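Undergrad: Task: produce atomic coordinates for the following.
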Amino acid sequence: MFEVHNPADGSLVGHVHAGTEDDVNDAVRTSWEAFSLWSDTDPLDRSRILFSAARLVREDKKELSLLLTREQGKPLRESVNEIAGFARVLEYYASITGTLQGDYGYSKNYGHMMVMRQPLGVCAAIIPWNMPALIMGWKTGPVLAAGNTMVLKPSATAPLTCIALAEHLYRAGLPKQVLQLVTGSGRVVGQALARHNNIRSLSFTGAVSTGTGVAEIAAPTLKKLILELGGSDAMIVCKDADPYAAAKGAVSGRFFNCGQTCTSIKRVFVDSTVYEPFVQKVRELAETLSIGNGLSDGVDMGPVHTSGQRKDVHFLVQETVNNDQGKVLSGGYIPDTGSLKEGSFYPPTIMTGVDPDAPVMKEEVFGPVLPVSAFDTVADAIDMANATRFGLGASIWTHDMRTISQATRELDAGIVWVNQHLRIPPEVPFGGVKSSGLGRENGRYALLQYLEEKTILINP
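TA: Just a heads-up that it's a prediction; the model follows:
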């Protein structure tokens, strides 16, 4: 059994079964048994089930949000929004189920040419702990809408909300064999999914090192892979940007979910002419954030998910300071008094004058640390933003159309925001370039990845 603990105070939230390779084999076998019935189900009926599940989730969002906060740590307000996001994703895929039809053409030399799109079969997904409900929606929505069945592994440290959401899908009429959850460790359950010959597609969200390991294990099976491997998103603030809006965007875009979001702002580059006022405004806003147990009223930021992760975050901060590559303007310590001592809390940390080559700028810091550096030209800022192995997201804050055109073309990122950051509707593709991964989630693009094209040529 695995124990699930609240990162705010260490209290026990629940237990889950430690899945085995046999559990994975059983789940895949029964998923294939259910596939023919589910793939033949009328798209309208699949749509009704997804819509019904979304309605049930919205009706139960209070209890689901409490559960999510208890096991993950984020403030209750953020949990409510994430649960609503799961429902929104289901509603989106319910609305487009059955809309991706095949193609038809005629050639004098070849006759009738048709392309059918058919579901793949059994798909698998590995869910992280940082946004378990929303990412479960991103992975299950298109798979089920396309007529596939799924075996899903939740995070070992935050599995309970995923289990509860699956129960809502069953209540809505989804056969249990169509979506099966196998809880447990990545070393056992995750690797078993990756190496399984009868899984046609695997979607993974997590660290680069883990994702590349998954790809290596899965390679001999030739299954389709969708890998979302994180990012080190840059925010570029130009001299004509609204300073208050940019500062507010930096604080919300970095400290949301305690900085534990793949597309959160992890590096800020500010025009040297507005650098000092921007930094001061960011500091003022960050120091107003209330830190504490996500279940408490008025809390803006909860704990880091695990104490080990907090240790890693603090090490990168200290390494930057010790190497004279930047200084801490605020935060940058592990609380050792009061209620914050009981959990894995870390204060919002602002670092200034940070060397673009410092590890805190190069690595994905999965915690509430915001390093800031100045630039002289937009070209310099874009070069610094691109000087990382990651390429998930980036944002440019300006009202100059030529600058916007340049940045959106030249930034190495799967997503580029203008005068905003972090928000991603389910209708648009989500994914990155370089080490940030392969494939796309969300939108019709995701649905296409769970369908196979079959060409039919008819000689009349």
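Undergrad: Tally up the residues packed near the closest residue to residue 425 other than its chain neighbours, please.
TA: The spatially closest residue to residue 425, leaving aside those adjacent along the chain, is residue 442, at 8.0 Å (CB to CB, 6 or more residues apart in numbering). (Each C-beta comes from the backbone N, C-alpha and C, glycine too.) Other residues within reach of residue 442, judged by other CB atoms under 10 Å, total 22.
Undergrad: same thing with residue 374?
TA: Residue 374 - counted by other CB under 10 Å - has 21 other residues nearby.
Undergrad: Work out for me the element it sits within.
TA: Using DSSP states H and E, residue 374 sits in strand 369-375.
Undergrad: Can you name the secondary structure element that comes next after that strand?
TA: Per DSSP H and E, the first helix or strand lying C-terminal to strand 369-375 is helix 378-386.
Undergrad: looking just at contacts, which helices and strands does that next one meet?
TA: The contact analysis (3 or more CB pairs under 8 Å, 6 or more residues apart in numbering; DSSP states H and E) places helix 378-386 against strand 233-237, strand 265-271, strand 369-375, helix 401-410.
Undergrad: what lines up beside the first one in the sheet?
TA: Looking back up the chat, that one is strand 233-237. Partner strands and pairing direction for strand 233-237 (DSSP bridges) are strand 265-271 (parallel), strand 393-397 (parallel).
Undergrad: Nearest to residue 158 among the ones you listed would be which one?
TA: Across those, the minimum distance to residue 158, taken as CB to CB, is reached by strand 265-271, at 21.5 Å.
Undergrad: Contacts for the closest one next, please.
TA: By CB atoms under 8 Å, 6 or more residues apart in numbering, the surrounding residues in contact with strand 265-271 are 231-239, 249-250, 253-254, 259, 278-279, 356, 361, 364-365, 370-376, 381, 384-385, 395, 421-422.
Undergrad: What is the burial count for residue 336?
TA: Residue neighbour count, defined by other CB under 10 Å, stands at 7 for residue 336.
Undergrad: ditto for residue 214
TA: The burial metric for residue 214, expressed as a neighbour count using other CB under 10 Å, is 23.
Undergrad: And the average pLDDT for the helix or strand in which it is found is what?
TA: Of the helices and strands defined by DSSP H and E, residue 214 is found in helix 208-218. The average pLDDT for helix 208-218 rounds to 97.
Undergrad: again, but for stretch 342-360
TA: Looking at stretch 342-360 alone, the average pLDDT works out to 95.
Undergrad: buried set for the helix holding residue 214?
TA: Judged by neighbour count (16 or more other CB atoms under 10 Å), helix 208-218 contains these buried residues: 208, 210-211, 213-215, 217-218.
Undergrad: Looking at those residues, which is nearest residue 352?
TA: Within those, distances to residue 352 taken as CB to CB reach their minimum at residue 208, with 27.5 Å.
Undergrad: shouldn't that closest one be in contact with residue 229?
TA: Yes - applying CB atoms under 8 Å, one finds residue 208 in contact with residue 229, separated by 4.6 Å.
Undergrad: shared neighbours of the two, which are they?
TA: Joint contacts of residue 208 and residue 229 (CB under 8 Å, 6+ apart) are residue 435.
Undergrad: re earlier: hmm, which of the contacts of strand 265-271 are the buried ones?
TA: 231-238, 249-250, 253-254, 259, 278-279, 356, 361, 364-365, 370-375, 381, 384-385, 395, 421-422.
Undergrad: returning to that earlier point: okay if I get the strands paired with strand 233-237 as TSV plus mean pLDDT and distance to residue 197?
TA: Written out in TSV, the entries for the strands paired with strand 233-237 read as follows (pLDDT from 0 to 100; distance: least, CB to CB, whole Å):
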stretch	mean pLDDT	distance to residue 197
strand 265-271	98	38
strand 393-397	98	35
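Undergrad: quick one: contacts for the closest residue in space to residue 408 that isn't next to it in sequence?
TA: If the residues on either side of it in the chain are set aside, residue 408 comes closest to residue 416, at 4.9 Å by CB to CB, 6+ apart. Contacts were defined as CB under 8 Å, 6+ apart; by that measure residue 416 touches 393-396, 407-408.
Undergrad: Am I right that residue 38 is in a helix?
TA: Yes - with DSSP: H, G, I helix; E, B strand; the rest coil as the criterion, residue 38 is located in a helix.
Undergrad: and it, how many residues sit next to it?
TA: By the other CB under 10 Å criterion, the neighbourhood of residue 38 contains 21 residues.
Undergrad: which residues of the stretch 301-450 of the chain fall in helices?
TA: 307-322, 359-362, 378-386, 401-410, 443-449 (DSSP state H, counting those that start in this stretch).
Undergrad: which one of those helices has the most crowded surroundings?
TA: When neighbours are counted by mean count of other CB atoms under 10 Å, the highest per-stretch mean among those falls to helix 359-362, a mean of 21.
Undergrad: Identify all contacting residues around that helix.
TA: By CB under 8 Å, 6+ apart, the list of residues contacting helix 359-362 from outside reads 232, 267, 316-317, 319-320, 325-326, 351, 354-355, 369, 371, 373, 387-389.
Undergrad: list the contacts for the closest residue to residue 266 other than its chain neighbours?
TA: Spatial nearest neighbour of residue 266, chain neighbours left out: residue 232 (4.8 Å); criterion: CB to CB, 6+ apart. By CB under 8 Å, 6+ apart, residue 232 lies in contact with 266-267, 361-365, 388, 390, 392.
Undergrad: Go through those and name the one nearest residue 144.
TA: Within the contacts of residue 232, the smallest distance to residue 144 is 25.6 Å, found for residue 392 (CB to CB).
Undergrad: neighbours around the closest one, how many?
TA: Once other CB under 10 Å is used to define contacts, residue 392 is seen to have 27 neighbours.
Undergrad: for residue 10, same thing?
TA: Counted with other CB under 10 Å, residues neighbouring residue 10 total 11.
Undergrad: in terms of contact, does it touch residue 343 like I think?
TA: Yes - judged on CB under 8 Å, residue 10 makes contact with residue 343 at a distance of 6.9 Å.
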